[in-house]
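Asker: Got a sequence here, can you build the structure:
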Amino acid sequence: MKIHHIAANRYHLSIIKPTEHGYVIAPHEHCLQEHPNELFLEGNPERLGICQDEQQFIHMVYIDHCNMLIHAVLHPRKYTLQLYPMERNADDVTDIQLGCRSNQLHLYLIYANRVEYRQLSGVHWSEPTILIESDHIEQVQLQMNDKTTTLGYTLRLQNSRQFCLLQYDHGKEEWLDPLTILEVNNHCRLFPLLASEVDATLHIVILQFYQGRLHLTYHQLDHAQRMLASTKSAITIPYVKVEHATFIMEGQQLRCIWVADHLLYQLHYQRSTSSWGPFKAENAESFVKWIAITENPSFGIITPYWFADSLHRLNERMGFGIDQYRSDRDFRQSLLFTERWMASAVSMIKQKEELLSEQQQLEQSIKMWKEHVAALKARLLILNEELAIRKATTHHTHTSNVDQKALVLASNRVFSPVQTRNEIITEAQSNVVPLDHRDDARKKSVKDKVVHFLFKITRNQ
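Answerer: Sure, this is the predicted structure:
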């Protein structure tokens, strides 16, 4: 039976399904892109490990046609793929399990005789660590939650089969001792199934089909491997060769589902009353196995996987699961948009306050510079007044010196004795008086300017 993975996160709903040459990633819905293109991975279509991290990136580890291990990452918003080669010669790998916790990828490579573990931190994978070694290892399953990582596996022994658990305690950061859950003979068809809840409760359902009877074993364990509940029961069913099986937990009701001879059988078991419900069968010729890769609560049905022929039938079998997912996704996107809008508004308000503060600082700076310019203008006016006074004083001094020189030249002239005395007396009287009047006027003008200049200086101070 083919396996289809349904990836449902905050951005898109996509179907990852195998083809003849690898895998196709088909987007059904995307909240940011109207019609994103399908993506393709070329490789072995039967060995794929897939998980989703906290940032909604889809991680896939597969083997390409050159037997090289490839790590592919699907971007949730851009809807593009990035490929990272890991190592060559991976043709001995029989199965791949991939999980994510605390932004770290945990890879489990299953071989016929061992299980190797690697961890991705940053961009480098750690060296492989062998967790399980045995001659024949089958049906390895991985369940991860916040408290434990659980590996369920079947060991084929000489005359029997053992179903075992190997758990890693995240609190103690160590692997616990392996726990054998059940041992049966090699003649029965054994389907051990695991499913976990958010609170780290582990549900173990083991379906055994042997000679027309269904034997049901149910265990419920906490993260410390303590048994919380246990049930065993059996019922007669049609004698068929079972190919695939699963279960769905709905409260106290356990629904057992198996596929045989192109028919899908369902049988309900009520744990509270230890009674079996009605038996149903329907055509399952084109059914595939659906595994959900999501953190959405609407996919929180306790089951490892579903059987359906299409996404529409899967939605019917899940009740309102996908419809509820769409509602939850749209509501989350609305909340995200509102949060971004509010953050943008808060940022704009903060930016406005910063601009107002900067405006006030600039206004104060402008006021200071205006006062400085006014002071410089006043200083320039005073300097101009001082320059004018200095020019006037220099001119007065120069004029006085000229007049004195004229007097000296006049006194040195040669006349007759009689004329000389009369003219000197006459000229002295006529010349001295006007010079005294001019000097008094000039001195008065300079004095007024100096007084005016000193008054202005005193007033400015």
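Asker: Could you list everything Ser230 pairs with in the sheet?
Answerer: His219 (DSSP bridges).
Asker: contacting residues around the residue nearest to Lys241 when sequence neighbours are not counted?
Answerer: Using C-beta to C-beta, 6 or more residues apart in numbering and skipping residues adjacent in sequence, the residue nearest Lys241 is Ala260, 5.8 Å away. Just so you know, the C-beta spots here come from the backbone N, C-alpha and C atoms, and that holds for glycine as well. By C-beta atoms under 8 Å, 6 or more residues apart in numbering, Ala260 lies in contact with Val240, Lys241, Val242, Glu243.
Asker: so the third one makes contact with Asp261?
Answerer: Right, the one you point to is Val242. No: the pair Val242 / Asp261 is not scored as a contact, 9.4 Å apart, by C-beta atoms under 8 Å.
Asker: Those two: which has the busier surroundings?
Answerer: Val242 (19 against 13; other C-beta atoms under 10 Å).
Asker: Please determine how far Asp95 is located from Met342.
Answerer: Going from Asp95 to Met342 by C-beta to C-beta, to the nearest Å gives 47 Å.
Asker: who's more crowded, these two?
Answerer: Between Asp95 and Met342, Asp95 has the larger neighbour count (other C-beta under 10 Å), namely 18 against 10.
Asker: Please give me every residue in contact with that one.
Answerer: Contacts of Asp95 (C-beta under 8 Å, 6+ apart): Arg47, Ile110, Val140.
Asker: any chance you could map the strands in the stretch 251-400 of the chain?
Answerer: Using DSSP state E, counting those that start in this stretch, the strands of the stretch 251-400 of the chain run over residues 253-260, 263-270, 275-283, 288-294, 306-308.
Asker: Let me have the ones you listed in JSON lines, adding mean pLDDT and distance to Gln364 as columns.
Answerer: Formatted as JSON lines, those follow (pLDDT from 0 to 100; distance: least, C-beta to C-beta, whole Å):
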{"stretch": "strand 253-260", "mean pLDDT": "92", "distance to Gln364": "76"}
{"stretch": "strand 263-270", "mean pLDDT": "93", "distance to Gln364": "81"}
{"stretch": "strand 275-283", "mean pLDDT": "90", "distance to Gln364": "83"}
{"stretch": "strand 288-294", "mean pLDDT": "89", "distance to Gln364": "58"}
{"stretch": "strand 306-308", "mean pLDDT": "87", "distance to Gln364": "71"}
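Asker: now for the longest helix along the chain, which elements pack on it?
Answerer: As assigned by DSSP state H, the longest helix anywhere in the chain is helix 321-411. The contact analysis (3 or more C-beta pairs under 8 Å, 6 or more residues apart in numbering; DSSP states H and E) places helix 321-411 against strand 3-8, strand 12-18, helix 311-317, helix 417-460.
Asker: Of those, which shows the lowest average pLDDT?
Answerer: Within those, the stretch with the lowest mean pLDDT is helix 417-460, showing a mean of 54.
Asker: so what's the backbone phi/psi at the residue nearest the centre of the chain?
Answerer: Taking C-alpha atoms, centre = their mean, the centroid of the chain lies closest to Gln55, which sits 6.0 Å from it. Dihedral pair for Gln55: phi -90, psi 10, per degrees, to the nearest 10.
Asker: low-confidence ranges in this protein?
Answerer: Across the chain, the ranges flagged by pLDDT under 70 are 296-300, 315-321, 396, 398-461.
Asker: let's see it at 50
Answerer: 320, 414-418, 420-421, 423-437 (pLDDT under 50).
Asker: starting at the chain centroid, how far to stretch 347-356?
Answerer: 26 Å (C-alpha atoms, centre = their mean, to the nearest Å).
Asker: repeat for stretch 78-92
Answerer: Worked out by C-alpha atoms, centre = their mean, stretch 78-92 lies 23 Å from the chain centre.
Asker: Would you mind writing the CA trace of it as CSV?
Answerer: Output of stretch 78-92 as CSV, limited to C-alpha atoms (Å, rounded to 0.1, in the frame of the first residue of the first chain):
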residue,chain,number,x,y,z
LYS,A,78,8.1,30.7,-0.5
TYR,A,79,7.1,27.1,-1.2
THR,A,80,10.6,26.2,-2.6
LEU,A,81,12.9,23.3,-2.0
GLN,A,82,16.5,23.2,-0.8
LEU,A,83,18.6,20.0,-1.1
TYR,A,84,21.5,19.1,1.0
PRO,A,85,23.5,15.9,0.2
MET,A,86,24.5,13.9,3.3
GLU,A,87,26.4,10.7,2.3
ARG,A,88,26.8,8.1,-0.4
ASN,A,89,26.2,4.3,-0.4
ALA,A,90,22.8,4.3,1.4
ASP,A,91,21.4,1.4,-0.5
ASP,A,92,21.4,-0.9,2.6
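Asker: what does that stretch rub up against?
Answerer: 12, 25, 27, 30, 33, 36-37, 39, 41, 61, 63, 66-75, 109, 111-112, 125.
Asker: Buried among these? Make that a ChimeraX selection.
Answerer: Buried members of these can be picked out in ChimeraX with the line below, counting by 16 or more other C-beta atoms under 10 Å:
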select :12,25,27,30,36,39,41,61,63,68,69,70,71,72,74,109,111,125
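Asker: coming back round to it: and the longest helix of the chain with strand 12-18, angle?
Answerer: 120 degrees (axes from the mean of the first three to the mean of the last three C-alpha atoms, to 10 degrees).
Asker: gap between helix 321-411 and the chain center?
Answerer: Helix 321-411 sits 44 Å away from the centroid of its parent chain (C-alpha atoms, centre = their mean).
Asker: between it and strand 288-294, how big is the angle?
Answerer: Using the same axes, to 10 degrees: helix 321-411 against strand 288-294 is 30 degrees.
Asker: Specify the angle between helix 321-411 and strand 3-8 in degrees.
Answerer: Using the same axes, to 10 degrees: helix 321-411 against strand 3-8 is 40 degrees.
Asker: From Asn186, how far off is the residue nearest to Lys241?
Answerer: Taken as C-beta to C-beta, the span from Ala260 to Asn186 is 19 Å.
Asker: ditto for Ile204
Answerer: 21 Å.
Asker: Just want to know which of those two has more residues nearby.
Answerer: Ile204 (23 against 11).
Asker: That's all I had, so thanks and see you.
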